[in-house]
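take a look and give me a structure for this.
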Amino acid sequence: MNKIYLSLISIFLLIGISSCETKNTDNQLSTNIDQKQKHILVETVLPSMKNFQKELRVVGTVEPLQFVDVLPLESGQTSSVLVDIGDRVTKGDLLVILDNPMIERNVEALKVEASAAEQHLARMLAASNTASGLISASELDNAKASAARASSALNTGLDRLRFLEVKAPISGVITQRNIHPGAVVENGLTSPSQSPMLTIVSCADIRVLLPYPERDMRFIYKDADISLNFPDMNLQIETKVSRVSAAIHPDSRTVDVYVDMSSPDCSIRPGIYVEGALMGGSRDSLLSLPAGVRFVENGLPFASAVIQGLVKKIPLTILAEDKNSIAFSADGIDASTQFIITGRNLVTEGETVTTKLKK
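Numbers count the residues shown, from 1 in each chain. Sure, this is the predicted structure:
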């Protein structure tokens, strides 16, 4: 009986131990399944081959194609200033009136002299026609010369008088005014260093100046396609290069590229911010990825790849790029490597992830 009883107890113990081991195994399997189910799902992309063009973009300036600093052609005291900053003027419009009493008195005297010389010449001609030989040829020639000199002096005086009315030499907009009634000005021909009375800028015709680096010269030529972007106006214009400077600035190592254009309504004003973009040489069949794959750490570009189910941070060498894509090279990477495009911030390097290829 004792032997039978001991045998039964042994059998029950074996059954209990076996049951515990089965439960432990089931629990471990359940834990492993849960861990697999908790792997983060990330969206990935595969590299592709693409052709790239280099965009050459610089910041430029808008300059007036024509502007004039207005100086008087005669000395005098300012009587009236008929325009102010911002006024539009047309060529020939009266801008400033000067007073110079000396010129006015001189013109009156010259008128008298010219009139007397003409009358003297007329009398001598009449006498010569009445009695042949009464007036010698030399006397007649002297009278004609005196009348001509008096007339020329009068015309010169009248020109000086007209110069007291300063008129617009070109059509445009007044951008500077340095003159006020009562101010005394000097003849601009003899005193060119004085401040201009007015500055007139022609805003209808403008020139965009773009300083491109010397290294990009091989891509720049007359009539090349160029894009001008005016961000403050939300305006982009597709046009062509008008001219390229033949000289390189020794300090900045840049070459000036010009685009001549018209703005009849003066909406594109001189001095406004502008960016110019030219397309440079192309690079063909480069391994590329969407630009969103790239991230920067310590100033260096990286991307997160999934290799054998694990996240790995890959340093990139950027070969070219455009608005949507980057061309790159990296060690140990080929066209079958999956790069994380969505969910990169949810995982860390070395973590196991589940991937879904973006279509």
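
point out where the stretch 101-250 of the chain drops to low pLDDT.
For the stretch 101-250 of the chain, the stretches with pLDDT under 70 are 133.

tell me where it has helices.
Along the stretch 101-250 of the chain, the segments classed as helices by DSSP state H, counting those that start in this stretch run 101-130, 137-162.

now for the shortest one, which elements pack on it?
Contacts defined by 3 or more C-beta pairs under 8 Å, 6 or more residues apart in numbering; DSSP states H and E place helix 137-162 against helix 101-130. (C-beta placed from N, C-alpha, C; glycine too.)

which neighbouring elements make contact with the helix it packs on?
helix 137-162.

may I see the buried residues of the helix it packs on?
Buried positions in helix 137-162, judged by neighbour count with 16 or more other C-beta atoms under 10 Å: 143, 146, 147, 150, 151, 153, 154, 157, 160.

please list all residues in contact with the first one.
Going by C-beta atoms under 8 Å, 6 or more residues apart in numbering, residue 143 touches 117, 120, 121, 124.

ok, these vs residue 182, which is closest?
Closest to residue 182 out of the contacts of residue 143 is residue 117 (38.5 Å), distances taken as C-beta to C-beta.

list the contacts of that closest one.
Contacts of residue 117 by C-beta under 8 Å, 6+ apart are 143, 146, 147, 149, 150, 151.

now those residues as JSON lines including distance to residue 48?
Below are the contacts of residue 117 laid out as JSON lines (distance: C-beta to C-beta, whole Å):
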{"residue": "143", "distance to residue 48": "99"}
{"residue": "146", "distance to residue 48": "95"}
{"residue": "147", "distance to residue 48": "93"}
{"residue": "149", "distance to residue 48": "90"}
{"residue": "150", "distance to residue 48": "91"}
{"residue": "151", "distance to residue 48": "87"}
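
how about the residues you listed, which pair is most distant?
For these, the maximum inter-member distance is 12.6 Å, found between 143 and 151 (C-beta to C-beta).

can you tell me how far residue 295 is from residue 303?
Residue 295 is 7 Å from residue 303, where distance means C-beta to C-beta, to the nearest Å.

of those two, which one has the most company?
residue 303 (24 against 14; other C-beta atoms under 10 Å).
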